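Q: One predicted model, sequence on top.
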Amino acid sequence: MLLIDCPFCGKRPEVEFHCGGEAHIARPADPAQVDDAIWAEHLFVRKNPRGLHAERWRHLHGCGQWFNALRDTYTDRFVETYKAGEQPKHPLTETRA
Amino acid sequence: MAQAFRLPMGGRIDRSKPIRFTFDGRMIDGFTGDTVASALLANGVHLVGRSFKYHRPRGILSHGSDEPSALLSVDRGPGRVDPNNRASVVEARDGLKIVSQNRWPSLAFDVGAVNDLLSPVFVAGFYYKTFMWPRSFWDKVYEPVIRAAAGLGVAPQVADPDRYANRHAHCDVLVVGAGPAGLAAALAAAETGKRVIVADEQAEPGGALLHQPDALIDGRGAEAWRAAAIGELDARENVVLLPRTTVFGYYNHNHVAMVERVADHRSDAPAGTPRERLWQVRAAEVVLATGSHERPLVFADNDRPGVMLAESVRVFINRYGVAPGRRTVFATSGASAYVAAADAKAAGIDVALVDIREERECGPEAAWLRAAGVDVLTGHTIVGTQGRKRVEGLVVAPLSNGGVGARRVIACDCVGMSGGWTPAVHLFSQSRGKLAFDAALDAFVPGVSAQAERSAGAASGIYDLAACLDSGFTAGTRAAGSSARRTFAASETRIGFKPARALPTDANPAKVRAFVDFQNDVTAKDLKLAMREGFESIEHVKRYTTTGMATDQGKTSNMNALGIVAEGLGRPLPSVGTTTFRPPYTPVTFGALVGPARHALFDPIRTTPIHEWAAEHGATFENVALWRRAWYFPRPGEDRQTAVARECRAVREGVGVFDGSTLGKIEVVGPDAAEFMNRLYVNAWIKLGVGRCRYGLMLKEDGYILDDGVVARLADDRFHVTTTTGRAPRVLAHMEDYLQTEWPELDVFLTSTTEQWAVIAVQGPKARETIAGLVAGIDLSNEAFPHMSVREGHICGAPCRLFRVSFTGDLGYEINVPSDYGRAVWEAVVEAGAPFGITPYGTETMHVLRAEKGYIIVGQETDGTVTPDDVGLAGMIARAKPDFVGKRSLARPDLLAAGRKQLVGLATSDPSLVLDEGAQIVADPNQPIPMTMLGHVTSSYFSPSCGRSIAMALVADGRALTGRTLHVTTPDGFTAVTVREPVFFDPDGSRVNA
Amino acid sequence: MRRFSLASLLKEAVDGHQGWGRQWRAPDPKPAYDVVIVGGGGHGLATAYYLATVHGITNVAVLEKGWIGGGNTGRNTTIIRSNYLYDESAHLYEHALKLWEGLSQELNYNVMFSQRGVLMLAHNAHDVQSFKRHVYANRLNGIDNEWLSAEECKAFCPPLDISPDVRYPVVGGALQRRAGTARHDAVAWGYARGADARGVDIIQNCEVTGVRRDASGAATGVETTRGFIRAGRIGVVAAGNTSRVMAMADVRMPLESYPLQALVSEPVKPVFPCVVMSNAVHAYISQSDKGELVIGAGTDQYTSYSQQGGLHITTHTLDAICEIFPQFTRMRMLRSWGGIVDVTPDRSPIIGRTPVDNLFVNCGWGTGGFKATPGSGHVFAHTLATGQPHPINAPFTLDRFRTGRLIDEAAAAAVAH
């Protein structure tokens, strides 16, 4: 079970959290203007990397806040967590932490 | 004679407390402190089981949790019978009934032993090559026979009377193993004041110290040192010392799982004592002091009962005061067995030792042991054993110039073998640490750590006692964040061994049966066969031969298998790979993992404030998500159908009352509440007047219906949102997701109020009259309070939000009162409605009534692939809105394509026939298979109001098929139906506005 | 290929089985192949086998970064069934089931396909409706599946607790009698042996590190840890690692890779006659020929390539098992492990062309790929051989995520695999 550092509450066990998948996928400002392919990409296509992954978590059974995390999907180690709307401090360009 | 093999003195058993149990019906006497294995050996019992495949006689190999062979059924009383217990782990106590396994009719005479004669055929993987003809024989003949032969013990047949506990804990330092290294680590960590947990799998902490009475530590005897260490740990408030606690799993982020055996060893456990307790520990730092396992030697017929590990012979002598044999031959490739031999000699046992190493390869131990009066043969290989159900002799032969010389038999009744040592790196590997191969140790040792852990002592390949203590102490201080260092003085440990693979033999190696995995009956030649057939990765070899896959998970066999494979392939051992260790370290009962999570603690049961009333009034309940809801209220003699028919009539003709408290409720509040609602629902909200309600429809971003429910506007900035019973948490999460991450600029707060309000639906032509006398501050007239509106006021003196809404199609109100008032108001309503024959109704009647009106239920008419248009609700969509969640997806090609399934009504030609929900619909019942399915029945009931069955269905292009005859599957065939509008009752909707 | 038979086994028994040769060779990679298959799991090996046997294409390499069958093929709970709801899925899995029924004989390798029946338990009104929908749909598609009452469920699976005392009482079930289990490793080995015998090169310890493309964008071969290998066509069958391999060709996939855990108990004498799956309590269980209870459930919630997950998934799975089989609390968990399952948004596979010419993909099997192995290989071989989908895999395109023509069994039924 992961130990997740909620930016609002501190470290808590994974069972308090809900994972929301890849982070930083911006909803098109005007969905009507994008074609089907781009819309499908928005809805369904995911980076799914083996290595650093920016992902969304919600402290469901806690403060209820959504936040982001940078985690290595090979080691399952968290590099950092940060609030929604922020960018990670650690460069995402590296594939592995 | 009872306990004929008990030594006259010595051991840690309590000779003042005799115990007695049975083995296959025979009385076995022992002492408190014995394991089942030591007590059996004390009584001269070596034959304890039959092997998995060949049914060969098997004895006790080891003294610990690595035991592969001595697996027994243990009966601790009614319902407390379980198989595959290791004799070396089960603590002996009064009254146990121990039964051997995998034999018929008896352990001594086992018909299955015929398999041993067929062993030339039953080699590794033989079953992949045969049993294929004729084809039908696999299911009917071969597999049943194979299955009956397989398996070891018999699974429990009845419910388990024991209970299991669980506990979560945090600590600064978790020390795994309380041998010398673990105790030193624990002492070091404890001295810093940090919170320390020490877990050890044995009944007594101390590990190897428990069977080294002669060892000295810092000038004291090992036992004195051990007792002092444990005394100090026990005295400290910052230390929890857990014996009988096996750390079995090392998971992410230092989440460590262990199981504590609480009751099985006690015959006096108070009632209610949990049998076992699962501990889940989150440790800042972990010290792994898990020790090491001795390797058997691989030679012909090395599985004879009486052939044991050398160190285990020593343990039985020193710790249990048992002589496993009167004449014991030690066979070894290293130094540690010399100490075992010396201890055996000192205990008065007739001892000899055979070393496969040349004289020059041996250390001072050879001369030392000879000086003690023991015959030591060096430079000899072992080529076999004599005896069948008990070893009677060890067959040895000198090695010279690479050849094997003349055989010679050393008569014996016990063999103590040692092929060297393997650090127990299981937990380190589970933690995802990288193993490193140490050629000098011929073993994998912990390399680079992946988590906050460190290994110490034998687990890290350190076998010298003083060095173990040093490494433990250092690990303990480092784990506790201290840099203190201490060195220990201890008596010398005889270490070092020569890697032994399959021992050289003069026999045809293709015929020699030298066992590597004792439990799964895998021999060295099986491994060679696998290699010959192209299985070269150790994982392939493992899977093809099953080596290392038995209940001991290869603790004694893996390194031997790996060595033999590496040798066979002519490759360096590490390049063959090591198997990945996974939880659990030793088998863990399901009960411990489940703990108390049964029944209502498996999933919580949610009930409403009116639940008890319903129960008192005879309601039958159904599970809906976590809720338990009143299904119908049968009167004496009524079945479901008649009860539901009566409830339906009551609502249509008078008044009914329904507990709607399970409906999800969310309060949406804030200056941007309307804008938020506008973006989230398909409907328009900006212009909805205060005091008005609207049926809201919510989509997922993919355009399919997520949920629906009535939404009331209580103020410009406040909405009372309702959701379906099952989806309330999901809807709130969906809302929070968009609010927090997509539209953080909106000033809105969301609060779940599901449990805050009790909801009492009063439905039927007499609904207004029923509540009129109870309500204060609200004008109930049709003009002042029309359908789809909401008012705040009081009922029975309690504050309420009164909705005029209907899910029945009749005049109706939904009274929302704070939950604490729920039952009182419900009872007041029931009393007030008595003159009108008010009738409580349950979910089944609710379903029928809404279906008569063609109202959908999300999750019944919809299934996650249904759009608003599919269910005829396209009109709900506020087309002018530039965007809402799901809007863009509705424009995807397939969601606009012709042929989508649309909601329709179905009328059976036989009005009494109620279709199966889920039944499929076709145009031509005579079409050959595969048939073209047009859709399926989503709802189907007998409608008392209509006097006939009704059904709704999703049918391809269904709305265009109105009036057409289609055919619906029944259990026996098809029945004809006519497609119609999905509204069966009061199509112009006049009744709700009454 | 030396034929396996009782006679050959007995003959070998006489002289200590010295005469058996390799079941497949260990060739060095050639510079070029007509078809290169990336991924030596069951699906990849089956694809190679059917390329050789059905289409006569034998200049084929299967590249495996580790050892064949070491991924999800060797890590699943081996449930095989075809009682899917939608025509597309039903046809695909039934195609596979029919191939399973003759597979041991076809491969001359006993894959121990055991048609012991898969019983899916219903615990509430929604389950009843959903399962009957399946039963009826299957009947019209010629697939066996029948509705059982709770008592009939108990008769079919005696260990089952159908009392009303459990948290979610059993109200009935859907039984597919032709469904069952098989020996997972044997499937990989049997296909490997069969493909190898027909000339396919199975190359282990060979990891693909890049996809080379020409000026037109078409794929021309793969870079590997054992050098560049030219390929007429490339079929990616890399399960949990598909996103990574496809990214090498700049193709982004609608996939996420999750840990899926399973466990076995210690072996016991026969106690469990069939496969039981329950969606409401969320677990599935069968007993292997060796006697182990084989138990699985859902995925962890986050993506991961670690092949391990959290203990709470295991405990909750066992909570569920012991809720409907309370007598098993004294059984012991012997082994647990994890795989990496690639999941599409509609939980149905993607089998077919990609935006890159000569590059084909077969992925997205999620938690239920093992059962499809023969069918998947068979239709993917057709696709690779002809450049066009077989009618059975035609609906399973990558493009369906654009059009919205999803095949969402899970949404339709909320049925776990």
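A: All right, it came through fine.

Q: Verify the contact between C:Ser8 and B:Phe126 for me.
A: No. Applying C-beta atoms under 8 Å as the test, C:Ser8 and B:Phe126 come out as separate, 10.8 Å apart. The way it works is simple: take the backbone N, C-alpha and C, and place the C-beta from them, glycine included.

Q: more neighbours, these two?
A: B:Phe126 (21 against 15; other C-beta atoms under 10 Å in any protein chain shown).

Q: Without its sequence neighbours, what residue ends up closest to that one?
A: C:Leu9 (6.0 Å; C-beta to C-beta, 6 or more residues apart in numbering or on different chains).

Q: Please point out which parts of whichever helix or strand that neighbour is part of sit buried.
A: In this structure, C:Leu9 sits in helix C:6-14 according to DSSP states H and E. Neighbour-count burial for helix C:6-14 flags C:9, C:12-13 (criterion: 16 or more other C-beta atoms under 10 Å in any protein chain shown).

Q: Repeat that for stretch B:576-594.
A: Across stretch B:576-594, burial judged by 16+ other C-beta under 10 Å covers B:576-579, B:581-594.

Q: does any part of it sit near chain A?
A: No. Contact of stretch B:576-594 with chain A (C-beta under 8 Å from any C-beta of the partner chain) is absent, the minimum separation being 12.4 Å.

Q: what's the first-to-last distance across that stretch?
A: End-to-end distance of stretch B:576-594: 38 Å, with C-alpha to C-alpha, to the nearest Å as the criterion.

Q: I'd like the average pLDDT over that stretch.
A: Stretch B:576-594 shows a mean pLDDT of 93.

Q: is any part of it close to chain C?
A: Yes. Residues of stretch B:576-594 contacting chain C under C-beta under 8 Å from any C-beta: B:582-584, B:587-591, B:593-594.

Q: Let's have those in CSV, adding secondary structure.
A: As requested, these are exported to CSV (DSSP: H, G, I helix; E, B strand; the rest coil):
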residue, secondary structure
B:Arg582, coil
B:Pro583, coil
B:Pro584, coil
B:Pro587, coil
B:Val588, strand
B:Thr589, strand
B:Phe590, helix
B:Gly591, helix
B:Leu593, helix
B:Val594, helix
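
Q: For those, which two are the farthest from each other?
A: By the measure C-beta to C-beta, B:Arg582 and B:Gly591 form the most distant pair in those, at 20.7 Å.

Q: Contact partners for B:Phe535?
A: For B:Phe535, the contacting residues are B:541, B:543-544, C:23, by C-beta atoms under 8 Å, 6 or more residues apart in numbering or on different chains.

Q: do B:Pro324 as well
A: Counted by C-beta under 8 Å, 6+ apart, B:Pro324 has contacts B:5, B:41, B:46, B:60, B:306, B:308, B:312-313, B:316-317, B:414, B:416.

Q: Let's see if you can find the most crowded of the residues you listed.
A: Neighbour tally across the contacts of B:Pro324 (other C-beta under 10 Å): the maximum, 33 neighbours, falls on B:Leu41.

Q: Sketch out the low-pLDDT regions of the chain for me.
A: Assuming you mean chain A. Counting by pLDDT under 70, the ranges of chain A that qualify are A:93-97.

Q: Chain C, not that one
A: Residue ranges of chain C with pLDDT under 70: C:412-417.

Q: From C:Gly41, how far out is the most centrally placed residue in it?
A: The centre of chain C sits closest to C:Phe370, judged by C-alpha atoms, centre = their mean, with a distance of 1.4 Å. Using C-beta to C-beta, to the nearest Å, C:Phe370 is found at 9 Å from C:Gly41.
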